[in-house]
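Novice: Have a look; sequence and predicted model below, questions after that.
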Amino acid sequence: MILVSSCLAGLQVRYNGTGCLDERIRSLIAENRAETVCPELLGGFATPREPAEIVGGDGDDVLDGRAKVVERSGRDVTAQYVEGAFRTLDMARERGATVVVLKEFSPSCGSSLIYDGEFAARKKEGVGVTTALLRRHGIRVVSEDNLAEALEGVSTESSGS
């Protein structure tokens with residue numbers, strides 16, 4: 001089983017109430033080869049919500065207590081992002097997921113690039129909180145840009161869960 005960001009399936013769960021449909025992902029879900037997950041909703045956020053970015057590092061730094069996730073207004077939402085990451089990890093384990101496809105740039109889901117923490121639409125190398133946690137537990141995380149590569153050699157049969 002593969003887990004995929006809910007927004008990539010077209011669900012309107014992004015911070016601004018939109019989705020970002022990837023037809024390849026919609027097909028995987030329709031074929032029962034993938035399931036959706038939204039770490040931010042699992043962390044207790046609603047849609048829409050205020051944009052947030054990681055300040056002081058990336059997802060690994062958040063997990064290690066050296067950085068935090070803050071909303072544009074300055075409210076610290078680190079605990080919710082960490083909660084969502086752990087709930088996503090639980091879901092991945094329950095489903096036997098070996099690959100998770102998450103939305104690039106997100107403070108939860110970015111797998112190689114995230115926003116730089118200054119709310120200026122600039123990106124930097126780094127990973128989101130959920131990506132960092134999943135990788136620490138041996139789960140492969142890729143962005144939608146690497147979907148074809150991620151599917152090579154991966155069983156996408158339903159686990160029956």
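Specialist: Everything's here; your move.
Novice: Could you list which residues are in contact with the most centrally placed residue in the chain?
Specialist: With distances taken as Cα atoms, centre = their mean, residue 109 lies nearest the centre of the chain, 2.7 Å away. Residues in contact with residue 109 (Cβ atoms under 8 Å, 6 or more residues apart in numbering) are 5, 39, 102, 103, 128, 130, 131. For glycine as for every other residue, the C-beta is placed from the backbone atoms N, C-alpha and C.
Novice: Sitting in helices, which of those do you find?
Specialist: Cross-referencing these against helices under DSSP state H gives 39, 130, 131.
Novice: Can you name every helix or strand that the longest helix along the chain contacts?
Specialist: Secondary structure of the chain per DSSP H: the longest helix is helix 78-95. Helix 78-95 sits against strand 2-5, strand 34-37, helix 39-42, helix 59-63, strand 68-71, helix 129-136, with contacts defined as 3 or more Cβ pairs under 8 Å, 6 or more residues apart in numbering; DSSP states H and E.
Novice: Heading C-terminal from the third one, find the next helix or strand.
Specialist: Downstream of helix 39-42, the next assigned helix or strand under DSSP states H and E is strand 52-55.
Novice: give me phi/psi at residue 141?
Specialist: Dihedral angles of residue 141 (phi, psi; degrees, to the nearest 10) stand at phi -120, psi 130.
Novice: Now for it, how many residues are close by?
Specialist: Residue 141 is flanked by 24 other residues according to other Cβ atoms under 10 Å.
Novice: try residue 21
Specialist: Under the neighbour criterion other Cβ under 10 Å, residue 21 is assigned a count of 14.
Novice: for it, what are its contacts?
Specialist: Contacts for residue 21 were tallied using Cβ under 8 Å, 6+ apart; they are 8, 9, 10.
Novice: how near is it to residue 9?
Specialist: Distance of residue 21 to residue 9, computed by Cβ to Cβ, to the nearest Å: 7 Å.
Novice: Could you verify that residue 124 is part of a helix?
Specialist: No: Residue 124: not assigned to a helix; according to DSSP: H, G, I helix; E, B strand; the rest coil it is strand.
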